[in-house]
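Engineer: The following comprises the amino acid sequence and a computationally predicted model.
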Amino acid sequence: MSLLLLMVSALHILILILLFVATLDKSWWTLPGKESLNLWYDCTWNNDNKTWACSNVSENGWLKAVQVLMVLSLILCCLSFILFMFQLYTMRRGGLFYATGLCQLCTSVAVFTGALIYAIHAEEILAERPRGGSFGYCFALAWVAFPLALASGVIYIHLRKRE
């Protein structure tokens, strides 16, 4: 049982790391050259002085929705981990981790919705940028975090506390 708890905790921490990197790092969209765009700043490489020049992202409503959903997924994932630890030490033997599983399932829905909105509305979000480019690794990490969070939520719902 302790090995199972260790594996579930490790999976949860992995999901947290993936969500933090996906939300806060700078590569949701990469353009040719050294230009990358994230959820918070547009960063371009300045060849004159060899530095990055960053500015705020556009005020696009779809991008704001993605920002909110990714931050919500982080909050829900942190909350579910805290809830799991609380339930682990206070719940009676034989109890199920329903609350933790529900929070984790909500995390997966938030990540899925945010990444899907970004994928569908990428042209509108990037309208002020030149054509070309591709999705960056942060976008891919968000898609990797989705099935992991979904599986984690299902595991939590079926997990029983034993001594």
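Structural biologist: Arrived safely.

Engineer: For the residue nearest the centre of the chain, list the residues it contacts.
Structural biologist: Centroid-nearest residue in the chain: residue 19, 3.1 Å away (criterion: Cα atoms, centre = their mean). Applying Cβ atoms under 8 Å, 6 or more residues apart in numbering, we find residue 19 in contact with 70, 73-74, 77, 107, 111, 142, 145. (Each C-beta comes from the backbone N, C-alpha and C, glycine too.)

Engineer: can we see that at 7 Å?
Structural biologist: By Cβ atoms under 7 Å, 6 or more residues apart in numbering, residue 19 lies in contact with 73-74, 77, 111, 145.

Engineer: likewise residue 145?
Structural biologist: Taking Cβ under 7 Å, 6+ apart, one finds 15, 18-19, 22, 111 in contact with residue 145.

Engineer: which among those end up buried?
Structural biologist: 15, 18-19, 22, 111 (16 or more other Cβ atoms under 10 Å).

Engineer: Redo those residues as TSV? Include distance to residue 159.
Structural biologist: Output for the buried ones among the contacts of residue 145, formatted as TSV (distance: Cβ to Cβ, whole Å):
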residue	distance to residue 159
15	16
18	21
19	21
22	26
111	21
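
Engineer: quick one: which of those residues sit in helices?
Structural biologist: If you go by DSSP state H, these have 15, 18-19, 22, 111 in helices.

Engineer: If we only consider those residues, which is nearest to residue 59?
Structural biologist: residue 22 (21.9 Å; Cβ to Cβ).

Engineer: how close does the closest one get to residue 157?
Structural biologist: Separation of residue 22 from residue 157 (Cβ to Cβ, to the nearest Å): 24 Å.

Engineer: Most widely separated two among the ones in helices among the buried ones among the contacts of residue 145?
Structural biologist: 15 and 22 (10.3 Å).

Engineer: picking up where we left off before, of the contacts of residue 145, closest to residue 129?
Structural biologist: The shortest approach to residue 129 among the contacts of residue 145 belongs to residue 22, at 20.2 Å (Cβ to Cβ).

Engineer: Could you say which helix or strand holds residue 64?
Structural biologist: Applying DSSP states H and E as the criterion places residue 64 in helix 61-90.

Engineer: Give the buried residues for that helix.
Structural biologist: Buried residues in helix 61-90, counting neighbours by 16+ other Cβ under 10 Å, are found at 63, 65-67, 69-74, 76-81, 83-84, 87-88.

Engineer: Determine how far it lies from the middle of the whole chain.
Structural biologist: Between the centre of helix 61-90 and the centre of its chain there are 9 Å (Cα atoms, centre = their mean, to the nearest Å).
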